[in-house]
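**Q** coords please:
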Amino acid sequence: MFRYSLALVAGVLASTAHAADTPRVQLTDPFSSGMWEYHQIGLLGDPADIRFDDRVKVIAPAAAEDAFNVPLLVDATALDDVEEIVISVDYGPIPKILSFFPGAAEPKLALRFKIDQATPIRASVRTRSGAWHVGGTLIDAAGGGCTAPAQAYASDDWEEKLGEIHGRLWAASGRARLIVDHPMDTGLADGIPLFIIEELRFSNDSGEELARLALSEPVNEDPAFTLYFNPERMPPLLHVRGRDNNGNEIEGTLTGEEVN
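**A** As a prediction, this is how the structure comes out:
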């Protein structure tokens, strides 16, 4: 009887441990948002294979202290064969923040964005099979970040600094950090037209593209990004090239030494 009890307890513990290791995947929206079903059509093309998956980590403050610079970390490294990550908000004038095509980078990205009101924020991760795995979190906010003009215009030399890249690589940890000088105007402030970076491409010294970002209006002014690589395959330098919607070219190189 005693041996049977031990075996039963061992079986329960093993079952519990297995359940803890099993990702929680569900087909219904955990936020019960009134906008998700509408937005998923515009953002993802309304694919049939969407699952809400807690392996997609979306980490952000519970409340936005600065509506113009909300920090966010998306981590989909628990998934294999990630091809695209779409980051979006449910409630706001512009739902899409950006698309990230990790390529040779890890499917993990840190950024900052503008928020206009309290909302779920989501990362929709497309794998090679075509399935979308969606994670998210809730952020409370007073809002207004998308409708105010950029602060850069208060500086007389903002045009001279336009498109300058600052940052560096940390080879030991596989991190690449950069900031690009740009107003990133949403076009929603009175009398100020849309003016944003549309694309940033990252390549090695041989010209091979390693990752790509397609940016939308809610990305913060002077956008800041951290990309992650396997340290064993971290390139010794990272070329950054891009353009904004006015045709201005952006170009710079990140190395192990800080670029100012």
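**Q** Tell me where the model's unsure across the stretch 51-200 of the chain.
**A** For the stretch 51-200 of the chain, the stretches with pLDDT under 70 are 154.
**Q** Helices along that one, start to end?
**A** For the stretch 51-200 of the chain, the helices defined by DSSP state H, counting those that start in this stretch cover 158-161.
**Q** Pull up the distance across stretch 28-38, start to finish.
**A** Start-to-end span of stretch 28-38 (C-alpha to C-alpha, to the nearest Å) is 14 Å.
**Q** Return the set of buried residues in that stretch.
**A** Asp29, Phe31, Ser33, Met35, Trp36 (16 or more other C-beta atoms under 10 Å). C-beta: built from backbone N, CA, C; applies to glycine.
**Q** Now do that stretch: everything it contacts.
**A** Phe52, Asp90, Tyr91, Pro95, Pro120, Arg122, Gly136, Leu138 (C-beta atoms under 8 Å, 6 or more residues apart in numbering).
**Q** what's the closest of the residues you listed to Glu217?
**A** Glu217 has its nearest neighbour among those in Pro95, at 10.1 Å by C-beta to C-beta.
**Q** ok, now which ones touch the closest one?
**A** By C-beta under 8 Å, 6+ apart, the neighbours of Pro95 are Met35, His39, Gly42, Leu43, Ser88, Val89.
**Q** with the residues you listed in mind, which one is nearest to Tyr228?
**A** Ser88 (20.9 Å).
**Q** count of neighbours near that closest one?
**A** 28 (other C-beta atoms under 10 Å).
**Q** now stretch 201-208, how far from the chain's geometric center?
**A** 21 Å (C-alpha atoms, centre = their mean, to the nearest Å).
**Q** Can you name the helix or strand that the residue lying closest to Glu199 once chain neighbours are set aside falls in?
**A** Nearest residue to Glu199, sequence neighbours excluded (C-beta to C-beta, 6 or more residues apart in numbering): Gly242, at 5.1 Å. Taking DSSP states H and E as the criterion, the element that holds Gly242 is strand 238-244.
**Q** Whichever helix or strand comes after that strand: which residues count as buried?
**A** From strand 238-244 onward toward the C-terminus, using DSSP H and E, the following helix or strand is strand 249-254. For strand 249-254, burial by neighbour count (16+ other C-beta under 10 Å) applies to Ile250, Gly252, Leu254.
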